[in-house]
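Undergrad: Make a model of this:
(one chain, ligands or ions: 2)
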Amino acid sequence: MPLMQLDGVTVQFGGLTAVNELSFAVAEKTIHGLIGPNGAGKSTVFNCLSRFYQPAVGKIDFAGRDLLALRSDQVMNLGIARTFQNVELFRGMTALENVLVGQHSLGGSGFFGDLFATSKVKQAESARRQAAMEALEFLGLADTANSLVGSLPYGKQKLIEFARALVSKPKLLLLDEPAAGLNPQETSHLGDLIVELKDKLGITILLVEHDMSLVMRICDTITVMEFGRKIAEGDAKTIQNNPAVIKAYLGE
Ligand code: ADP
Ligand code: MG
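TA: Ligands and ions are numbered 1, 2, ... in the order given. A predicted model of the protein is given here:
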């Protein structure tokens with residue numbers, strides 16, 4: 001049983017078909033890559049999953065639910081979190097405050113609370129802060145908790161956005177070009193963190209990324225799009241040797 005299944009999804013903007021009869025399944029606790037040249041429709045798919053866009057046709061099943069019948073906030077409560085292609089943080093707030101914004105549901109001790117056995121007797125607010133701190137710690141950002149986000153290097157800002165997405169206890173994490181703007185060391189570290197999210201926290205990841213060496217290193221399955229359509233799917237080796245994929249990337 002896949003965690004998520006897209007079936008014949010088509011998204012149009014006026015006369016432009018941005019996503020064209022797209023079907024693919026994301027298996028639970030895997031890292032699933034979604035790649036393709038610029039304009040292929042990857043971000044549009046993400047915007048459908050987070051319910052910013054409504055497909056003209058098609059179905060999306062998430063954990064047995066009809067995703068397209070839900071609102072954006074309901075999708076978050078169901079366990080889908082995302083980061084954006086460009087960092088979207090509150091620059092005048094601290095890292096910790098930014099992560100707290102990600103905790104949409106009050107009351108529960110949250111993912112990191114459960115995981116690290118946060119005491120149930122704590123006040124909700126302090127439990128929330130604790131969970132946010134633990135998310136920052138998990139990503140090696142504890143020392144930035146009280147820094148203003150705008151004063152931090154770009155690589156750290158990207159990870160803070162990660163922490164904010166994580167603290168909402170997602171089953172599925174949508175990452176839109178997380179390595180963009182990162183140097184090779186930061187990218188390699190990010191790759192290790194994404195693998196840890198899967199291995200240690202059991203999170204399923206749908207990854208849009210242009211850095212092919214990162215994609216090939218960490219993805220279990222890769223779906224390749226071109227002009228809104230799926231042109232290939234498989235593991236890294238299969239994809240790298242697929243003539244249609246090579247052609248799409250070389251622009252022949
Ligand atoms: P990718 O993320 O793969 O680079 P996008 O999903 O951003 O591609 O875009 C796919 C196509 O849809 C592009 O041709 C883009 O210009 C178009 N597009 C995306 N969003 C909109 C929008 N809100 N209005 C009109 N066209 C859009
Ligand atoms: Mg995009």
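
Undergrad: for stretch 167-178, the distance to its chain's centre please.
TA: 3 Å (CA atoms, centre = their mean, to the nearest Å).

Undergrad: One more: stretch 175-182?
TA: 10 Å.

Undergrad: Quickly check: that stretch near ligand 1 or not.
TA: No. Shown here: stretch 175-182 not in contact with ligand 1 (CB under 6 Å from any ligand atom), separated by at least 7.6 Å. Quick note: C-beta positions are derived from backbone N, CA and C, even for glycine.

Undergrad: Can you show me the strands along the chain?
TA: Counting by DSSP state E, one finds strands in the chain at the ranges 2-13, 16-27, 31-35, 57-62, 65-66, 80-82, 172-176, 204-208, 221-226, 229-234.

Undergrad: most tightly surrounded among those?
TA: strand 31-35 (a mean of 25; mean count of other CB atoms under 10 Å).

Undergrad: can you list the strands of the chain in TSV and add distance to residue 130?
TA: TSV is the format used below for the strands of the chain (distance: least, CB to CB, whole Å):
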stretch	distance to residue 130
strand 2-13	28
strand 16-27	31
strand 31-35	28
strand 57-62	29
strand 65-66	30
strand 80-82	19
strand 172-176	21
strand 204-208	25
strand 221-226	35
strand 229-234	41
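
Undergrad: Mean pLDDT lowest where, among those strands?
TA: Mean pLDDT is lowest for strand 80-82 out of the strands of the chain, coming in at a mean of 91.

Undergrad: pretty sure residue 245 is touching residue 231, no?
TA: Yes. Judged on CB atoms under 8 Å, residue 245 makes contact with residue 231 at a distance of 6.7 Å.

Undergrad: which neighbours do these two share?
TA: Shared contacts of residue 245 and residue 231 (CB atoms under 8 Å, 6 or more residues apart in numbering): residue 224.

Undergrad: what residues are up against the nearest residue to residue 133 once chain neighbours are set aside?
TA: Computed as CB to CB, 6 or more residues apart in numbering, the closest residue to residue 133 that is not its neighbour in sequence is residue 145, at 6.3 Å. Going by CB under 8 Å, 6+ apart, residue 145 touches 94-96, 133, 136.

Undergrad: let's see it at 6 Å
TA: By CB atoms under 6 Å, 6 or more residues apart in numbering, the contact list for residue 145 reads 95-96, 136.

Undergrad: So which of these wins on neighbours?
TA: Counting neighbours by other CB atoms under 10 Å, the top entry in the contacts of residue 145 is residue 95, with 28 neighbours.

Undergrad: between the contacts of residue 145, which is closest to ligand 1?
TA: Nearest to ligand 1, judged by CB to the nearest ligand atom, of the contacts of residue 145 is residue 95 at 27.5 Å.

Undergrad: so how far is ligand 1 from the residue nearest to residue 133?
TA: 32 Å (CB to the nearest ligand atom, to the nearest Å).

Undergrad: With residue 41 instead?
TA: Residue 41 is 4 Å from ligand 1, where distance means CB to the nearest ligand atom.

Undergrad: burial count for that residue?
TA: 24.

Undergrad: What values do phi and psi take at it?
TA: The phi/psi pair for residue 41 (degrees, to the nearest 10) reads phi 120, psi 10.

Undergrad: Pull the contacting residues for residue 89.
TA: Contacts for residue 89 were tallied using CB under 6 Å, 6+ apart; they are 98, 149, 157, 161.

Undergrad: right, I mislabeled it, should have said residue 206
TA: Taking CB under 6 Å, 6+ apart, one finds 26, 32, 174 in contact with residue 206.

Undergrad: so how far is residue 147 from it?
TA: 30 Å (CB to CB, to the nearest Å).

Undergrad: mind listing the helices for the stretch 151-252 of the chain?
TA: 154-166, 184-201, 212-218, 236-240, 243-250 (DSSP state H, counting those that start in this stretch).

Undergrad: The ones you listed into CSV, with extra columns for mean neighbour count and distance to ligand 1?
TA: Formatted as CSV, those follow (neighbours: other CB atoms under 10 Å; distance: least, CB to the nearest ligand atom, whole Å):
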stretch, mean neighbour count, distance to ligand 1
helix 154-166, 22, 17
helix 184-201, 16, 19
helix 212-218, 18, 14
helix 236-240, 15, 16
helix 243-250, 14, 12
